[in-house]
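> Kindly return the folded structure for what I paste below:
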Amino acid sequence: MKPTAALLLFTSLAATSAQAETVAITGGTVHTMGPAGTIEGGTVLLDGGKVAAAGRDVAIPAGARRIDATGKVVTPGLMDSMTRLGLVEVSAVDGSNDARSTEDRFTAALDVVDGINPRSILFPITRIEGVTRAVVAPQPGSSLILGRGAVIHLRTEADDWLVRTPVAMYAVLGEGGAQRAGGVRAAAILELREAFQDALDYGTNRAAFDSGSRRPYALSRLDLEALQPVVKGELPLVALVNRASDVEAALRLARDFHLKLIVAGGREAWMVAGQLVAAEVPVLLDPLANLPDSFETLGSTLEAAARLQKAGVTVAFMTNDAHDVRNLRQAAGNAVSYGMPWDAALAAMTTVPARIWGIADRYGTLEPGKDADVVVWDGDPLELTTWPEHVFIRGTEVPQESRQLELRDRYKDLSPGGLPPAYRH
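Okay, the predicted model is just below:
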């Protein structure tokens, strides 16, 4: 049996040297997203998997590989703040879908890391579009609390693809929460309050619980353990909510338990932007989500990102997808066309998620010492016709290969002599 194309692709990638080369990207318009701002005719030097320098007068070591970026745009690699990458291969095939659980015994303790498939063919498809990092999150199953997410980089043939875990706890409220709590939103809030109260009590009386001297809790021991950093304000709680009143309910819950809250979805979050700013709560938004698909999304608008940003809300972009994470920059471009400043849209895929997810010390800007996640674009990265000519993840260039490109090349020549052997007549 001949090896599949996907296996051959992974094997070739895995054989790539783990040692990042020294690369000088010269002459481009460099959006550092850091204190240096935008540098025209700049040079970005990559060495040892890090950004060694970024500026106009950068000394280039002898023997460094040079990439002429004249007339091109250079940015940090993009980051999607909520995806199902590695958890879903074929959405309609249950055996390849590990994004959600229908098991009630363990909810908060569920960790997506144990379900991520780093050999998924969706990683090459995504990263050649300039997305180099992503948050992988659990999806709503049968419980209000969904489990814990992780930050990964997309050169997953490397052993260090896991960047940070856990990065957040996830819960669903609004219509989704009501469906899981007897049909009403108030019951969902009560269930979460009970879970957090139990977690606080367990943290204070763990010894008594272990000896059987404490009252029963609504959650399992593993779930109570997983919630400890959440109720201590150390691990963010990402609340999947859309309706403005549900955002307000999540804000009250976070205030009462001193939680570090992040809103995901937020179709109507712009209506309560002032409260989000006051509470310093960021919003993870899909700028393309503009059609009301239920009563809780009637306030959906293509101007949501611009309205939130103008009000001072911290906004990061997400797709909440597996197959179409590559469309992240299209969504950002759409946000710009509906009023969001260009630099704010790029920041929503670079510096802002770096801060939200606690990795700003190593990612998000082209500054010395940061991980060399760098993309060279042949034009404006927020334009649909633009293509990333070079994509580096931690200083190693990823090949411009994917299963789709292989299929394109295979059937590009449809003449009898050009078809693969099995298709010739």
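> Provide a list of residues in contact with R394.
The contact partners of R394, by CB atoms under 8 Å, 6 or more residues apart in numbering, come to A20, G49, H153, R155, A158, D160, D371, A372, D373. For glycine as for every other residue, the C-beta is placed from the backbone atoms N, C-alpha and C.
> ugh, wrong one, I meant V113
Residues in contact with V113 (CB under 8 Å, 6+ apart) are A150, L162, T165.
> Now do the contacts for the first one.
Going back to what we said before, that points to A150. Contact analysis of A150 by CB under 8 Å, 6+ apart lists D111, V112, V113, I116, V135, V136, L162, V163, R164, T165, P166, V167.
> same check, this time on the second one
For L162, the residues meeting the contact criterion (CB under 8 Å, 6+ apart) are V113, A150, V151, I152.
> Pull up the gap between it and T351, please.
In this view, L162 and T351 are 22 Å apart by CB to CB, to the nearest Å.
> ditto for the first one
As defined by CB to CB, A150 lies at a distance of 20 Å from T351.
> State the phi and psi torsions of the nearest residue to A171 once chain neighbours are set aside.
In space, and not counting its chain neighbours, A171 is closest to I145: 5.0 Å by CB to CB, 6 or more residues apart in numbering. I145 adopts backbone torsions of phi -90, psi 120, taken as degrees, to the nearest 10.
> how close does the nearest residue to T156 once chain neighbours are set aside sit to L235?
Excluding the flanking residues, the one nearest T156 by CB to CB, 6+ apart is P118, at 3.7 Å. Distance, P118 to L235, using CB to CB: 24 Å.
> Comparing the two, which residue is more hemmed in?
Counted by other CB atoms under 10 Å, P118 and L235 do not tie: L235 has more neighbours, with 20 against 17.
> The more buried one and T165 touch, don't they?
No: at 10.6 Å, L235 and T165 do not qualify as touching, with contact defined as CB atoms under 8 Å.
> By residue count, what's the longest helix in the chain?
Assignment by DSSP state H gives helix 185-204 as the longest helix of the chain.
> For whichever helix or strand comes after that helix, buried residues please.
Using DSSP states H and E, the helix or strand that follows helix 185-204 in sequence is helix 206-210. Residues of helix 206-210 classed as buried by neighbour count (16 or more other CB atoms under 10 Å): F209.
> Quick one: residues in contact with helix 206-210.
Y202, R214, Y217, R221.
> In CSV: those, plus pLDDT.
Formatted as CSV, the contacts of helix 206-210 follow (pLDDT from 0 to 100):
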residue, pLDDT
Y202, 96
R214, 91
Y217, 93
R221, 94
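> Looking at neighbours, which among these is most surrounded?
Y202 (22 neighbours).
> can I assume it is in contact with L222?
No: judged on CB under 8 Å, Y202 makes no contact with L222 at a distance of 11.2 Å.
> low-confidence ranges in the protein?
By pLDDT under 70, the weakly predicted segments of the chain are 1-19, 422-425.
> so what secondary structure elements neighbour the helix or strand harbouring L308?
Under the criterion of DSSP H and E, L308 resides in helix 304-311. Contact here means 3 or more CB pairs under 8 Å, 6 or more residues apart in numbering; DSSP states H and E; on that basis helix 304-311 packs against helix 273-279, strand 283-285, strand 315-317.
> Alright, calling it a day.
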